[in-house]
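# What shape does this take:
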Amino acid sequence: MNKKVRPEDTSHTDVVPTAIYLNRELSQLAFNRRVLAQAEDKNVPLLERLRYLCICSSNLDEFFEVRIASLLANRIEGEHIDPPELHAALERTSIECHQIVARQYELLNKEILPQLATKGIHLLRHEDRNEAQRAWVKHFFDQNVRPLLTPIGLDPAHPFPQVLNKSLNFIIELSGKDAFGRGTGIAIVKAPRVLPRVIQLPAELSDKKGVSFCLLSSVIHAHIADLFSGREITAYSQFRVTRNSDLWVDEEEVKNLRQALQTELQSRQFGVGVRLEVASNCPPHLSQFLLEQFSIEKNRLYAVQGPVNLVRLSELVDLVSQPALRFPPFSPTLPPHLLNENIFAVLKKRDVLLHHPFQSFQPVVDFVRSAAHDPEVVAIKQTIYRTGMNSELMEALIYAARHGKEVTVIVELMARFDEEANINWAVKLEQAGAQVVYGVVGLKTHAKLALVIRREDNALHFYAHLGTGNYHPNTTKFYTDFGLLTSNRELTSEVNEVFIHLTSLTKPKSLTHLWLAPFTLQKQIIHAIRNEAHIAREGRPARIIAKMNALVDESVIRALYAASADGVKIDLIVRGACALRPGVAGLSENIKVRSIIGRYLEHSRIYYFRNDLAHDVYLASADWMNRNLFRRIEVAFPVLDKALKKRVITEGLDPYLKDNTNAWHLGADGNYILKKARTKQAAFSAQQYLMNTLGIPAAMDEG
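As a prediction, this is how the structure comes out:
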């Protein structure tokens with residue numbers, strides 16, 4: 001394709017040929033392929049390979065719960081997507097999903113489990129267990145499992161039971177007649193959710209240097225006949241159904257969002273079925289029976305060579321204590337100027353940039369906790385998107401509210417799969433006296449902001465934290481993110497204006513530094529891209545580097561295409577789905593796209609524009625997706641301090657462009673290729689470099 005796309009063609013409402021975009025669903029599955037490649041990599045420690053396999057399976061679960069569910073809903077409604085295109089998208093994703101699942105089980109059965117066995121870690125099937133092990137499993141079943149099972153024989157009085165989303169179940173075919181002389185032929189057994197899926201056998205039943213496990217599904221399989229005395233089991237299979245898990249509330253009719261969501265959460269477990277998993281030896285007539293019960297098409301049936309839920313094997317990873325089979329331990333460090341110093345005294349002198357997980361998240365916790373206990377602090381404001389069931393931050397906010405401070409918390413109740421935790425925190429905060437706001441109905445509050453207002457010398461002073469990641473202490477150990485602690489009056493005043501906007505629902509004031517979605521963020525991104533294109537047209541060097549989780553917004557992609565046509569050199573580091581097609585003559589020959597998949601989940605969003613050596617650097621909560629730019633509250637904020645700006649570039653961008661160990665390069669055909677260094681000496685891993693560099697306290701001094 002040789003036609004050039006001009007900058008003026010970048011309106012997000014325009015219709016353009018789909019050939020210049022890559023399919024979002026296939027691109028997302030390509031990301032899952034890259035995660036699976038980590039499980040295939042023999043250089044990755046064995047237990048970590050199993051963990052990547054579990055992550056891949058978890059990603060597929062969410063892909064079906066959200067993306068496939070959305071495509072199917074569109075097909076039913078007949079909206080948004082042309083039927084032929086929608087049908088083709090479903091067909092292509094179905095083929096790719098089946099291939100990924102087949103490779104997962106091949107890898108598990110032929111490589112990972114056999115290699116674990118050589119290390120003394122045994123996952124025993126019924127036929128693998130010796131007499132003593134079988135006796136122990138029988139006792140475990142009788143004492144811990146059987147009392148919790150409720151077999152349901154299907155007949156007019158016992159219709160097919162409700163089956164929870166992603167739960168483990170069994171279908172059993174019986175011969176003969178039941179106790180009442182009737183020929184009820186099929187029964188359903190639900191596995192208790194309270195029981196662990198991976199069960200460790202006593203040490204005396206394992207090899208001298210090893211440890212043995214079995215799966216709950218295997219335990220039930222081995223003794224399922226005990227539930228049907230007097231009848232013969234002719235066939236059985238484990239099964240799991242994945243359901244549409246998107247929550248929906250009527251924004252025009254809802255009076256209380258929290259109450260509406262609590263009701264909707266109960267129904268999530270029983271949404272429309274979108275995938276059925278059964279054991280590979282499940283008889284066709286039983287799998288067909290299940291497909292009919294859940295109204296699932298046959299191409300979304302997955303007959304698997306192992307447990308129907310690979311995600312639960314992560315329990316085995318956590319139970320094994322062999323350090324040699326894991327990544328070497330890494331402990332994040334603290335910037336030296338924060339050691340034994342009052343956080344507010346430090347911030348009066350300098351801004352503090354934190355790069356997680358290489359640097360500790362503890363300063364952010366200390367920032368909020370110190371504010372909660374500081375008698376000079378009069379108010380704390382914070383957004384919460386994901387924070388987990390246990391959170392020191394939330395406890396600090398509750399403490400502050402109980403002790404008379406003005407605490408305002410904007411809790412996003414619609415944070416997918418974290419709704420229940422957020423509802424629970426919202427209730428506790430309200431009970432403590434905090435002002436809880438549920439954001440803006442219809443727009444998820446995804447911005448990561450915290451503001452502390454402190455009385456000093458008879459005046460109010462602002463301190464803020466702005467971040468790219470969630471206020472979730474657990475994920476900060478595994479996600480790469482940046483956070484900025486600052487007392488810069490211009491920035492903190494604008495953060496306060498954002499909070500006023502979110503609580504009052506009034507039109508936000510004009511902001512000089514912050515780019516705020518859904519109002520200015522997309523326009524500012526497009527403007528910055530066009531500015532680089534203008535610089536290039538005038539013959540000066542122009543450069544864009546951007547790092548994010550996903551790039552699928554057509555308006556931004558078209559602006560990037562136009563900038564490329566004008567000679568702007570563009571490097572994009574996109575972890576997941578990318579709809580931009582790089583390296584196409586006349587369209588995107590100046591654009592390169594890479595994806596880094598490593599030990600940590602790349603999560604930071606960084607926008608860099610050379611801007612005639614001004615080197616504009618923005619950190620953000622937003623990916624370049626339509627939902628982030630137009631349907632969420634998002635904030636991008638500039639790094640103003642020159643030393644910290646340099647750190648973002650040299651830590652957050654340069655190493656990732658240099659990476660030749662974990663970097664996958666996207667081709668114009670939509671395929672990703674892992675390009676590794678030819679020699680071990682030339683190998684460079686961005687994440688390993690940051691672990692080594694930021695692990696040395698002197699390297700973290702911001703000068």
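# use CA for all of it now, contacts and neighbours both
OK.
# pLDDT weak spots in the stretch 351-500 of the chain?
Residue ranges of the stretch 351-500 of the chain with pLDDT under 70: 414-418.
# do the same with the chain
1-18, 76-83, 156-157, 178-184, 247-270, 414-418, 696-703.
# If we use 50, what do you get?
The model of the chain has pLDDT under 50 over residues 1-17, 249-250, 252-255, 697-703.
# what's the domain layout of this structure?
7-15+516-700, 46-325, 341-512 (automatic domain parsing).
# Switch these over to TSV; also include distance to residue 334 and mean neighbour count.
Shown next, in TSV, are the domains of the chain (distance: least, C-alpha to C-alpha, whole Å; neighbours: other C-alpha atoms under 10 Å):
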stretch	distance to residue 334	mean neighbour count
domain 7-15+516-700	7	20
domain 46-325	25	17
domain 341-512	6	20
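# can you redo the ones you listed as a markdown table with distance to residue 24?
Shown next, in a markdown table, are the domains of the chain (distance: least, C-alpha to C-alpha, whole Å):
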| stretch | distance to residue 24 |
| --- | --- |
| domain 7-15+516-700 | 6 |
| domain 46-325 | 10 |
| domain 341-512 | 19 |
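# Quick one, which of these gets closest to residue 30.
Closest to residue 30 of those, according to C-alpha to C-alpha: domain 7-15+516-700, at 7.6 Å.
# that older thread, out of the domains of the chain, which comes closest to residue 335?
Nearest to residue 335 among those is domain 7-15+516-700 (5.7 Å), distances taken as C-alpha to C-alpha.
# Indicate which one of the domains of the chain is closest to residue 31.
If you check each of the domains of the chain against residue 31 by C-alpha to C-alpha, domain 7-15+516-700 wins as the nearest, at 5.3 Å.
# Residue 545 looks like it's in a strand, true?
Yes. Assigned with DSSP: H, G, I helix; E, B strand; the rest coil, residue 545 falls within a strand.
# what residues are up against it?
Counting by C-alpha atoms under 8 Å, 6 or more residues apart in numbering, residue 545 makes contact with 570-573, 607-609, 653.
# For the residue lying closest to residue 578 once chain neighbours are set aside, give the beta-bridge partners.
Nearest residue to residue 578, sequence neighbours excluded (C-alpha to C-alpha, 6 or more residues apart in numbering): residue 551, at 4.7 Å. For residue 551, the beta-bridge partners are residue 578, residue 624 (DSSP bridges).
# Surely residue 551 touches residue 573?
No. Contact criterion C-alpha atoms under 8 Å: residue 551 and residue 573 do not qualify, at 9.6 Å.
# overlap in contacts of these two?
If you check residue 551 and residue 573 against C-alpha under 8 Å, 6+ apart, no residue is contacted by both.
# Quick check: the gap between the nearest residue to residue 600 once chain neighbours are set aside and residue 647.
Of all residues not flanking residue 600 in the chain, residue 478 sits nearest, at 5.1 Å (C-alpha to C-alpha, 6+ apart). Distance, residue 478 to residue 647, by C-alpha to C-alpha, to the nearest Å: 20 Å.
# do residue 129 as well
Separation of residue 129 from residue 647 (C-alpha to C-alpha): 56 Å.
# for residue 227, same thing?
Counting by C-alpha to C-alpha - residue 227 and residue 647 are separated by 64 Å.
# swap in residue 188?
Look at residue 188 and residue 647: by C-alpha to C-alpha, they are 58 Å apart.
# ok, now residue 368?
Distance of residue 368 to residue 647, given as C-alpha to C-alpha: 24 Å.
# likewise residue 476?
Computed as C-alpha to C-alpha, the residue 476 to residue 647 distance reads 19 Å.
# May I ask which helix or strand encompasses residue 556?
Residue 556 belongs to helix 554-565 when assigned by DSSP states H and E.
# typo on my end, it should be residue 380
Element membership of residue 380, judged by DSSP H and E, is strand 377-384.
# Could you do residue 453 as well?
Per DSSP H and E: residue 453 is located in strand 448-456.
# who does that strand touch, helix- and strand-wise?
On a contact count with 3 or more C-alpha pairs under 8 Å, 6 or more residues apart in numbering; DSSP states H and E, strand 448-456 meets strand 377-384, strand 459-467, helix 489-504.
# Okay, now the sheet partners of that strand, with direction.
Applying DSSP bridges, strand 448-456 is found paired with strand 377-384 (antiparallel), strand 459-467 (antiparallel).
# What's the first helix or strand after the first one?
Tracing the chain past strand 377-384, the next element assigned as helix or strand by DSSP H and E is helix 392-402.
# hmm, who's touching that following helix?
The contact list for helix 392-402, computed with C-alpha under 8 Å, 6+ apart, reads 365, 368-369, 371-373, 380, 387, 406-407, 425, 428-429, 432-434, 471.
# let's see 10 Å
For helix 392-402, the external contacting residues (C-alpha atoms under 10 Å, 6 or more residues apart in numbering) are 362, 364-374, 377-382, 384, 387-388, 403, 405-409, 425-426, 428-435, 471-473.
# Run the angle between it and strand 377-384 for me.
For helix 392-402 against strand 377-384, the angle by axes from the mean of the first three to the mean of the last three C-alpha atoms, to 10 degrees is 140 degrees.
# now for the next helix-or-strand element following helix 392-402, which elements pack on it?
The helix or strand immediately downstream of helix 392-402 is strand 406-411, counting by DSSP H and E. For strand 406-411, the elements it packs on are strand 377-384, helix 392-402, helix 419-432, strand 435-437, strand 444-445, strand 448-456, helix 489-504, judged by 3 or more C-alpha pairs under 10 Å, 6 or more residues apart in numbering; DSSP states H and E.
# let's see 7 Å
Other elements packing on strand 406-411 under the criterion 3 or more C-alpha pairs under 7 Å, 6 or more residues apart in numbering; DSSP states H and E are strand 377-384, helix 392-402, strand 435-437.
# ok, it: who's next to it in the sheet?
If you go by DSSP bridges, strand 406-411 pairs up with strand 377-384 (parallel), strand 435-437 (parallel).
# Nothing else from me, thank you.
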